[in-house]
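>>> Let's see this in three dimensions:
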Amino acid sequence: MHVATAGAHGQVARHLTRLLAARGDRVTGLVRNPGHVEDVAADGARAVVVDLEAVSAQELAGELGGVDAVVFAAGAGPGSGAARKDTVDRAAAVLLADAAELAGVRDYLLVSSFGVDAVRDGAVPQGVDEVFAAYLRAKLAAEEELLGRAASGRLRVTVLRPGGLTDAEPTGRVHLERSVQRGSVPRADVAAVCAALLEVPAPPGGRVLELVGGEEPVAQAVARAAGEGGPGGAAGATD
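Below you'll find the model as predicted:
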């Protein structure tokens, strides 16, 4: 399998690249900062410098030749304002979908966020600052756009909503369902779930799965839950 990952220098993405490379997959890692190329290459990917806020879909599609699946694990990051939440967490995710379609890539895995339903239908969640609310709105809009494409048969889409991300050692055990209670999960376990999901094409209409730490082995959790996560919403940050 050849996987292209947007946001390849993010922590989840770097774990994912190492896992994919270790099992023999090819990885193209998309990064904005040229200073990140060496790290991404050391993880086992072919690093490509591209600014997802500036590149055209046609240009990006040119980097996706021979790719089987794309993963969007990029994010505007801490300290960015509400405007960049939209240009990265929504618009760049949609741009990657445009480029994937142009390049003939069918499978798309979006690393989204737990809690996006809190802003559905214009809701304003209590106790959430405006920038984080903008982030949730951007993630939800990206989900809706991608799932719409899945419904029309243009892409096979998996949306993964991890809970609070930690740097704890991976346990290899998770709780993966259509809807779960709020919790946390090690980044390395998120990456392991992503790697497993890439091997299970999404059903027509796409699937949405939520992820926190749990007791079920990753492979077993993915095998069981992947066929159950249909489109729509239940209710953190990527990286």
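>>> what's the most centrally placed residue in the chain in contact with, if anything?
In the chain, the residue lying closest to the centroid (CA atoms, centre = their mean) is V111, at 2.1 Å. V111 is in contact with V12, V71, F72, A73, L160, P162, V190, C194, T238, counting by CB atoms under 8 Å, 6 or more residues apart in numbering. (Glycine included, C-beta is placed from N, CA and C.)
>>> Also L20?
Taking CB under 8 Å, 6+ apart, we find L20 in contact with M1, V3, V27, G44, A195, L198.
>>> Looking at those, which are in helices?
When DSSP state H is applied, the contacts of L20 are split such that A195 fall in helices.
>>> Let's have the contacts of L20 in a markdown table, adding pLDDT.
As requested, the contacts of L20 are exported to a markdown table (pLDDT from 0 to 100):
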| residue | pLDDT |
| --- | --- |
| M1 | 97 |
| V3 | 98 |
| V27 | 98 |
| G44 | 98 |
| A195 | 98 |
| L198 | 98 |
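>>> out of the contacts of L20, which one sits closest to V116?
V116 has its nearest neighbour among the contacts of L20 in L198, at 21.7 Å by CB to CB.
>>> pLDDT value on D239, please?
Note on D239: pLDDT of 55.
>>> mind listing what's buried in the lengthiest helix in the chain?
Determined from DSSP H, the single longest helix within the chain is helix 130-151. Buried residues in helix 130-151, defined by neighbour count with 16 or more other CB atoms under 10 Å: 131-147, 149-150.
>>> Show me what it is packed up against.
helix 82-84, helix 93-103, strand 107-111, strand 156-162 (3 or more CB pairs under 8 Å, 6 or more residues apart in numbering; DSSP states H and E).
>>> In terms of mean pLDDT, which of these ranks lowest?
helix 82-84 (a mean of 88).
>>> related to what we said a few turns ago, just the buried subset of the contacts of V111, written out for ChimeraX, thanks.
Remark: buried members of these, expressed as a ChimeraX selection using 16+ other CB under 10 Å:
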select :12,71,72,73,160,162,190,194,238
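>>> Could you dump the contacts of V111 into TSV with distance to G206 added?
Shown next, in TSV, are the contacts of V111 (distance: CB to CB, whole Å):
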residue	distance to G206
V12	20
V71	15
F72	14
A73	18
L160	11
P162	17
V190	19
C194	15
T238	18
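>>> Just name the closest of the contacts of V111 to A226, please.
Among these, L160 lies closest to A226 (CB to CB), at 10.6 Å.
>>> roughly how far apart are the closest one and A168?
18 Å (CB to CB, to the nearest Å).
>>> same check, this time on P125
26 Å.
>>> in which helix or strand would I find the closest residue to E38 other than its chain neighbours?
Excluding the flanking residues, the one nearest E38 by CB to CB, 6 or more residues apart in numbering is A47, at 8.0 Å. Element membership of A47 [criterion: DSSP states H and E] is strand 46-49.
>>> Given that strand, what are its sheet partners and their directions?
Applying DSSP bridges, strand 46-49 is found paired with strand 26-31 (parallel).
>>> List phi and psi for the closest residue in space to V159 that isn't next to it in sequence.
With CB to CB, 6+ apart as the measure, V208 is the residue that lies nearest to V159, at 4.4 Å, once sequence neighbours are left out. With angles defined as degrees, to the nearest 10, V208 sits at phi -130, psi 130.
>>> How about V185?
Torsion angles, degrees, to the nearest 10, at V185: phi -160, psi 140.
>>> pLDDT at it, what is it?
98.
>>> Quick check: bridge partners of it?
With DSSP bridges as the rule, V185 is bridged to L165.
>>> Pull the residues that contact the least confident helix or strand in the chain by mean pLDDT.
Ranked by mean pLDDT, DSSP states H and E, the helix or strand of the chain with the weakest confidence is helix 82-84, at a mean of 88. With CB under 8 Å, 6+ apart as the test, helix 82-84 has contacts from E53, A76, E130, V131, A134, Y135.
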